[in-house]
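A.B. asks: I'll drop the sequence and a predicted model, then ask my questions.
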Amino acid sequence: MIKAAAYCRVSTEKEEQLNSLDNQQKFFCSYIEARPDWQLTEIYVDEGVSGTAVSRRQGFLKMLADGEKGRFQILLTKEISRFARNTLDSIYYTRKLKDWGIGVIFLNDNINTLDPDAELRLTIMSSIAQEESRKTSERVKWGQRRQMEKGVVFGHSLLGYTLQQGKLEVEAAGAAVVRQIFEKFVIEEKGSSVIAQELTAAGVPTPGGGEIWSHNVVLKILRNRKYMGDLVQKKTYTPSYLTHKKKINRGEEPMVILEQHHKAIIPPQLFAAAEEMLKERGRRQREGSRYSHEYCFSGKLHCACCGSRLVARPKKKGDKTYLYWQCYGKIKRSGNPCSCPTLAESYLESVLLEMMTAMGSQEMGDAFTSCFADFYRWLGQILQRGEQENQSQGLWQNALCQLEREQAQLLHLHLRGQISEELFCRENAGYQKEIARVQETLAHCLSFDALSPADRMEKITVYCEQILTGKLFAADFYGGILEKAVVQENKELSLYLVGFPHEIRYTP
């Protein structure tokens with residue numbers, strides 16, 4: 001009794017193709033049953049996959065595995081194009097099956113790989129199948145491009161839009177989240193990581209339906225021109241019709257760009273402002289700019305109870321706004337038994353000043369006696385270098401120009417009615433306060449640059465002494481030397497300084 005198997009494949013999941021697949025299977029069953037000395041073992045099937053690559057054809061791979069185990073002696077298939085559209089694959093796998101004692105019979109092509117001249121005929125027919133596959137690929141790509149030029153959208157739905165029959169329709173709930181992301185980024189000047197954390201804490205589902213947002217997802221939304229009504233297609237391309245692997249289109253093929261193609265969720269001015277801010281932040285990162293809107297303790301405070309980081313939360317009391325730090329794990333998960341206390345920014349500043357005062361008077365205990373002198377000299381070097389760097393006139397001038405541009409953008413959005421009066425007044429007040437601070441620092445830089453080298457050194461020395469004796473809190477300095485602080489439930493802190501080998505415990 002000869003054990004026979006069959007392999008059939010269709011390249012799409014369209015109804016007519018699936019009907020063809022069903023007919024192929026019925027045909028193979030009847031064909032094998034009509035031979036009394038043959039026994040059907042299995043029919044291997046691949047639905048909706050191309051024949052130019054084997055790696056994605058699970059039915060084909062299973063057939064090879066069973067063939068190696070000797071589970072059949074004859075393999076039937078309709079034609080060479082159903083077996084493989086790649087000449088090399090056709091020759092390689094028929095040889096492999098032949099080595100295992102298995103003959104492949106291509107019924108429509110009248111080829112049996114056990115015949116002496118089978119490989120010559122197989123090579124010719126496989127080349128024809130491969131060339132047909134290439135032509136089909138070119139026709140499909142040409143047709144898709146013509147459809148794209150007519151405005152037909154390829155791809156899938158995205159946050160804020162649903163894709164139906166090649167058209168994008170606004171989805172209200174998702175569109176509200178998109179607007180919220182752009183406003184947080186442009187108006188509130190929050191970073192992508194902060195926005196991701198806030199969306200996660202608010203329980204907003206991600207575009208994929210998950211619970212946790214990442215900064216990469218936020219950045220992808222901020223850079224997507226679809227949200228201002230433009231359609232950009234052909235961002236990726238397929239270099240080879242044999243592998244079907246996509247690559248990012250970096251100019252290898254022309255993109256299809258249609259402006260004002262569909263209803264916008266984000267006004268073009270707001271999108272342009274976000275794009276400019278992304279470029280500016282990227283430039284700052286490349287240039288290593290030290291100017292930042294982040295707080296001194298951002299990313300440095302850790303909860304001893306649940307291990308989460310503490311995040312900044314501003315609170316307004318009267319005309320003043322105070323900053324507090326809360327455990328993110330406690331905020332994120334309601335009912336979390338975490339006992340981490342909320343710390344005022346002023347409390348953290350006072351702890352660091354007290355630490356520096358104690359170090360300046362050498363009252364830190366025996367554990368620090370041996371390394372204190374080296375530590376003191378190290379602080380002095382950092383302060384001198386940091387003071388000289390921070391006095392750079394160009395740095396603060398660039399910061400001032402950036403703030404003024406952002407304030408102008410805010411005014412522009414308000415005049416166009418894109419943000420409310422209340423939001424404008426609140427954000428504009430913040431800009432005015434920050435601009436005044438930078439202008440004061442810039443004036444200090446100009447006066448510093450006008451000093452003689454000896455006077456500059458004296459000023460640096462006084463500045464260092466003020467910090468080292470705990471008389472002055474310099475956010476840049478403490479943000480630079482504080483590696484992390486672990487917060488206990490009784491407001492006790494474990495401080496770890498950059499390059500300093502000992503833990504510093506503070507008990508209130």
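C.D. replies: Yes, it's here.
A.B. asks: where does the stretch 351-500 of the chain have low pLDDT?
C.D. replies: Flagging of the stretch 351-500 of the chain using pLDDT under 70 yields the residue ranges 359-396, 442, 444-470, 476.
A.B. asks: at which residues are the strands of it located?
C.D. replies: 482-487, 493-497 (DSSP state E, counting those that start in this stretch).
A.B. asks: please apply the same query to the stretch 151-300 of the chain.
C.D. replies: Assigned by DSSP E, counting those that start in this stretch, the strands in the stretch 151-300 of the chain fall at 161-164, 167-170, 231-233, 236-237, 247-248, 256-258.
A.B. asks: need the winner for burial among those strands.
C.D. replies: Stretch with highest mean neighbour count among the strands of the stretch 151-300 of the chain: strand 231-233 (a mean of 18; mean count of other Cβ atoms under 10 Å). All C-beta atoms are positioned from the backbone trio N, CA, C, and that covers glycine.
A.B. asks: who touches that strand?
C.D. replies: 148, 151, 153-155, 168, 225-226, 255-258, 261-262 (Cβ atoms under 8 Å, 6 or more residues apart in numbering).
A.B. asks: and if we set it to 6 Å?
C.D. replies: Strand 231-233 has contacts (Cβ atoms under 6 Å, 6 or more residues apart in numbering) with 148, 225, 256-258, 261.
A.B. asks: equivalent analysis for stretch 193-213, please.
C.D. replies: Under the contact criterion Cβ under 6 Å, 6+ apart, stretch 193-213 has outside partners 159, 177, 181, 184, 214-215, 218, 331-332.
A.B. asks: please repeat the previous calculation with a cut-off of 8 Å.
C.D. replies: Contacts to stretch 193-213, defined as Cβ under 8 Å, 6+ apart, come from residues 158-159, 174, 177, 180-181, 184-185, 190, 214-215, 217-218, 221, 311, 328, 331-332.
A.B. asks: mind pulling up the pLDDT for Ala173?
C.D. replies: The model reports Ala173 with a pLDDT of 91.
A.B. asks: distance of it relative to Arg223?
C.D. replies: In this view, Ala173 and Arg223 are 22 Å apart by Cβ to Cβ, to the nearest Å.
A.B. asks: how about Val152, nearest residue that isn't a chain neighbour?
C.D. replies: Sequence neighbours aside, Gly166 is the residue nearest to Val152 in space, at 3.9 Å (criterion: Cβ to Cβ, 6 or more residues apart in numbering).
A.B. asks: list the buried residues for stretch 307-314?
C.D. replies: Using 16 or more other Cβ atoms under 10 Å as the burial criterion, the residues of stretch 307-314 that qualify are 308-312.
A.B. asks: next step: the residues you listed restricted to strands.
C.D. replies: Using DSSP state E, the members of those that fall in strands are 310-312.
A.B. asks: columns distance to Ala272 on top of these, output as CSV?
C.D. replies: Shown next, in CSV, are those (distance: Cβ to Cβ, whole Å):
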residue, distance to Ala272
Leu310, 35
Val311, 30
Ala312, 29
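A.B. asks: what's the closest of the residues you listed to Ser494?
C.D. replies: Nearest to Ser494, judged by Cβ to Cβ, of those is Leu310 at 13.5 Å.
A.B. asks: now do the contacts for the closest residue to the closest one other than its chain neighbours.
C.D. replies: In this structure, Leu310 finds its nearest non-sequential neighbour in Leu301, 3.7 Å apart by Cβ to Cβ, 6+ apart. In this structure, Leu301 makes contact with 309-310, 325, 343, 348, 484-485, 487, judged by Cβ under 8 Å, 6+ apart.
A.B. asks: again, only this time at 7 Å
C.D. replies: Going by Cβ atoms under 7 Å, 6 or more residues apart in numbering, Leu301 touches 309-310, 325, 485, 487.
A.B. asks: likewise Thr507?
C.D. replies: With Cβ under 7 Å, 6+ apart, Thr507 has these contacts: Glu492.
A.B. asks: what's the pLDDT at it?
C.D. replies: At Thr507, the model reports a pLDDT of 87.
A.B. asks: show me the chain divided up by domain.
C.D. replies: 2-146, 161-287, 301-400+452-506 (automatic domain parsing).
A.B. asks: those domains: which one's closest to Tyr295?
C.D. replies: domain 301-400+452-506 (5.2 Å).
A.B. asks: picking up where we left off before, just the buried residues of the contacts of stretch 193-213.
C.D. replies: Buried by 16+ other Cβ under 10 Å: 158-159, 174, 177, 181, 184-185, 190, 217-218, 221, 311, 328, 331-332, out of the contacts of stretch 193-213.
A.B. asks: about what we covered before: nearest to Phe60 among the buried residues of stretch 307-314?
C.D. replies: Relative to Phe60, the closest of the buried residues of stretch 307-314 is Ser308; by Cβ to Cβ it sits at 48.8 Å.
A.B. asks: helix or strand for the residue nearest to Lys316 when sequence neighbours are not counted, which one?
C.D. replies: Spatial nearest neighbour of Lys316, chain neighbours left out: Tyr322 (7.7 Å); criterion: Cβ to Cβ, 6+ apart. Of the helices and strands defined by DSSP states H and E, Tyr322 is found in strand 320-327.
A.B. asks: what angle sits between that strand and strand 482-487?
C.D. replies: Here strand 320-327 runs at 80 degrees with respect to strand 482-487, directions being taken by axes from the mean of the first three to the mean of the last three Cα atoms, to 10 degrees.
A.B. asks: hang on, the earlier thing: I'd like the ones in strands among the buried residues of stretch 307-314 laid out as CSV, including pLDDT and distance to Asn428.
C.D. replies: Converted to CSV, those look like this (pLDDT from 0 to 100; distance: Cβ to Cβ, whole Å):
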residue, pLDDT, distance to Asn428
Leu310, 87, 29
Val311, 84, 25
Ala312, 83, 21
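A.B. asks: tell me how far Phe182 lies from Ser308.
C.D. replies: In terms of Cβ to Cβ, Phe182 sits 28 Å off from Ser308.
A.B. asks: let me fix that, I meant to ask about Leu21.
C.D. replies: In this view, Leu21 and Ser308 are 53 Å apart by Cβ to Cβ.
A.B. asks: and Lys235, by the same measure?
C.D. replies: According to Cβ to Cβ, Lys235 stands 37 Å off from Ser308.
A.B. asks: same thing with Ile181?
C.D. replies: Using Cβ to Cβ, Ile181 is found at 23 Å from Ser308.
A.B. asks: again with His261
C.D. replies: 43 Å.
A.B. asks: what do you get for Leu199?
C.D. replies: Separation of Leu199 from Ser308 (Cβ to Cβ): 17 Å.
A.B. asks: and the contacts of strand 231-233, which two are furthest apart?
C.D. replies: Met148 and Arg225 (14.6 Å).
A.B. asks: check contacts around Gly151.
C.D. replies: By Cβ under 7 Å, 6+ apart, the contact list for Gly151 reads 258, 261.
A.B. asks: could you check how far it is from Pro205?
C.D. replies: Distance from Gly151 to Pro205, counting by Cβ to Cβ: 30 Å.
A.B. asks: ok, and what's touching stretch 480-490?
C.D. replies: 300-305, 310, 339-341, 343, 382, 386, 493-498.
A.B. asks: re the thing from before, closest one of the buried ones among the contacts of stretch 193-213 to Lys246?
C.D. replies: Ranked by distance to Lys246 (Cβ to Cβ), the buried ones among the contacts of stretch 193-213 are led by Leu158 at 17.7 Å.
A.B. asks: next up, the contacts around the closest one.
C.D. replies: Leu158 neighbours (Cβ under 7 Å, 6+ apart): 207, 226.
A.B. asks: separation between Ala202 and Lys246?
C.D. replies: Applying Cβ to Cβ, the value for Ala202 to Lys246 is 34 Å.
A.B. asks: equivalent analysis for Gly101, please.
C.D. replies: 39 Å.
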